[in-house]
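Engineer: okay, sequence plus prediction incoming.
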Amino acid sequence: MTLAVAADQGAGFETRRKRTRREEFLETMNTIVPWVDLCAVVEPYYPKRGNGRPPIGLERMLRIHFIQHWFNLADEACEEALYDIPSLRRFARIDLGCESVPDATTMLNFRHLLEEHKLGEKLFAEVGRVLQARGVKLNSGTIVDATLIAAPSSTKNEQKARDPEMHQTCKGKQWHFGMKLHIGVDSQSGLAHSAVVTAANVHDKHPLPQLLHGQEQRVYGDSAYASQKVLIHSKAPKARDFTNKRTRRADQVDEVARRKNRNKSKIRARVEHVFAVVKRLWGFTKVRYRGLAKNANRAFVALALANVYLCRTRLMAQVRP
């Protein structure tokens, strides 16, 4: 009997266990994630049973893929974690008594499948559709913002060069190398409804029309989006510009504009909740792959999971009798 099997079998005799936050989190996500709808998005592209080795169940691979996002695990690290941690195996529905954990190459191939067909973006859109069907409506306001995701600046690799799709930009008199994640967030629910991934040197204003759904009455943003009424009206003709204005000119501070900015920022701050989940909870502060496309796929899946997480109280209330 292996140690892993013995640990699983011995769990039933433990009388001094404490329910961990990880177990509570996984149980919540197991309940509220719309597995059937998300599997339906991937199923047309997933390998079918044939004459060769039968593929691993789609929902199991999706669960493992989400574990990688939630705990910021690479393929090999995720394989070892599944062997080591019973709560992760229970969530992935793996019984070591009769089957092994999918290896790192299988996880890699599944991620490549999502990247090849841009399924990360489709999963993000499907989560949005499901949440709206469950009562989370888009309000008449959108908050736009962008955050930097760092990339390795070292040239100590086989190519002796940095990632050509990543670029550097200066923020707060400090240079950063990597990419930018631009998002549009509903001003009432605080959920992301659109996203764009660019290199770090692209100004925040350029993806602005792609972050709006067109029905906005108000658009909020920081001072990087100031004086962009033409861009806003090109996508949302009825929207009023509520972006923050620059308050300092010729060493003079406009106190009226400053107070207005502070009032706007009380609403605009909701966009930071999404970034806090994606970057602080999910650990997406650095890119793991080369190129924008692979990291964009990761960003869209992370945003989809962040929307589910931010709605967990409402979704759990709908599940409870």
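Structural biologist: Nice, thanks for sending it over.

Engineer: drop to CA atoms for contacts and neighbour counts, all remaining ones
Structural biologist: Fine.

Engineer: which parts of this protein are strands?
Structural biologist: 141-150, 167-171, 174-186, 192-199, 218-221, 240-243, 248-249, 252-253 (DSSP state E).

Engineer: can you list the domain ranges for this structure.
Structural biologist: Taking automatic domain parsing as the criterion, the chain consists of the domains 3-116, 138-319.

Engineer: isn't Lys238 right next to Glu216, touching?
Structural biologist: Yes - counting by C-alpha atoms under 8 Å, Glu216 is a contact partner of Lys238 at 6.7 Å.

Engineer: what touches both of these two?
Structural biologist: Residues touching both Lys238 and Glu216 (C-alpha atoms under 8 Å, 6 or more residues apart in numbering): none.

Engineer: out of the strands of the chain, which is closest to Asn307?
Structural biologist: strand 192-199 (6.7 Å; C-alpha to C-alpha).

Engineer: hang on, the earlier thing: and the domains of the chain, which is most packed in?
Structural biologist: A comparison of these by mean neighbour count, using mean count of other C-alpha atoms under 10 Å, puts domain 138-319 on top with a mean of 18.

Engineer: start to end distance for that domain?
Structural biologist: Start-to-end span of domain 138-319 (C-alpha to C-alpha, to the nearest Å) is 22 Å.

Engineer: report the mean confidence score over it.
Structural biologist: Mean per-residue pLDDT for domain 138-319: 92.

Engineer: how long is stretch 194-212 end to end?
Structural biologist: Stretch 194-212 has an end-to-end distance of 7 Å (criterion: C-alpha to C-alpha).

Engineer: and that stretch, how far from the chain's centre?
Structural biologist: When C-alpha coordinates are averaged (C-alpha atoms, centre = their mean, to the nearest Å), stretch 194-212 and its chain have centres 16 Å apart.

Engineer: and for it, what are the contacting residues?
Structural biologist: 142, 144-146, 148, 165-169, 176-185, 193, 213, 224-225, 228, 231-232, 234-236, 292, 296, 300.
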